[in-house]
Structures are given as C-alpha cells and as structure tokens.
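>>> Here's a sequence, model it:
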Amino acid sequence: MNTDQLVARTGWVRQWSQEIEDCADTDLTARADGDLSLEERGVILEHARRVGAEALVAQELQTLRPLAEIVGGVTEPKLKADLYTLAFTLVRADENVTGAERIYLAQLAHQLGLDAAAAARLENEAAAHIDAEAGKAP
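Alright, predicted model coming up:
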C-alpha cells in the first residue's frame, strides 16, 4: 500500500503536512486511551474545520475502525516509521504516556511489523525532537 492508498483508506487524512499535525488526532491516536472524549472530539473537529474537512472528519469519527484495517497493507518502511512516530508524538503531547496509550503503541508497532527495538528508537528520536523544540519555546 502506498501513501495515497493509506490516505484513501483512513478517509480523514487529506495530506502529509501541517494539516496532519492538526487533524491526525482522529481514529489513529485520539482513541489511544480507549475513548474519545467530547473535548478531544471538539478539538479534532475544530482543526478539521480550519482545513475544510469537518464533514469528512465528523463522518470518520462515527466509524470505529480496527487498527489492523487502518494500517493494513502499509509496506513502505518510511511510512511505517512515520505512522508510528506520529502516533507516539500525539499520545506524548501531554508529556505522559498512559498505560492504555502504551498498549495502543505496542499494538500499532505489532500491526506495522516494528520490533521493540525499532519502536523504542523511533520514540527516543521523537522525544528528543519534542524536548528540543520545547526548549526553544519562550
């Protein structure tokens, strides 16, 4: 599966750009703790509204998709790494990865065919980048 096919399959990702950072909290990561709160839903829809994708994202939020369906067929190693890094970055946004989020990340790594060492390396790289950016903030 290539990037275009993944975008079509997930339905809510319009492009790999700033919009991804703003909207990607949908099925792939916002439910990482097992639930999508009203607050998370509101934030997701607000970001989607800004990029003109509110209706599409709202529809996608109504559809529960198994993780295997979302990432099934992803074969490109860079895309696998990007998806895992994106998920880790989003669940770490509040600086705490909960037990449920850790389970989700383990399931995602498994579905993507990433071994524990690869997942740890991606998390360490993402965490270092996040921490470096946080150090730049005023």
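
>>> quick one, longest helix in this protein?
Counting by DSSP state H, the longest helix found in the chain is helix 116-136.

>>> helices or strands up against that one?
Under the contact definition 3 or more CB pairs under 8 Å, 6 or more residues apart in numbering; DSSP states H and E, helix 116-136 sits against helix 77-91, helix 99-112. Glycine gets a C-beta too; all of them are placed from N, C-alpha and C.

>>> Check these for me and report the most buried one.
helix 77-91 (a mean of 19; mean count of other CB atoms under 10 Å).

>>> Show me how far that one is from its chain's centre.
The chain centre lies 7 Å from the centre of helix 77-91; the measure is CA atoms, centre = their mean, to the nearest Å.

>>> Could you dump the helices and strands packed on helix 116-136 into a markdown table with mean pLDDT added?
Below are those laid out as a markdown table (pLDDT from 0 to 100):
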| stretch | mean pLDDT |
| --- | --- |
| helix 77-91 | 89 |
| helix 99-112 | 92 |
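
>>> got any ranges where this structure has weak pLDDT?
1-36, 136-138 (pLDDT under 70).

>>> can you rerun that using 50?
Within the chain, the stretches with pLDDT under 50 are 1-27.

>>> Give me the residue at the spatial middle of it.
Centroid-nearest residue in the chain, with CA atoms, centre = their mean: residue 87, separated by 3.5 Å.
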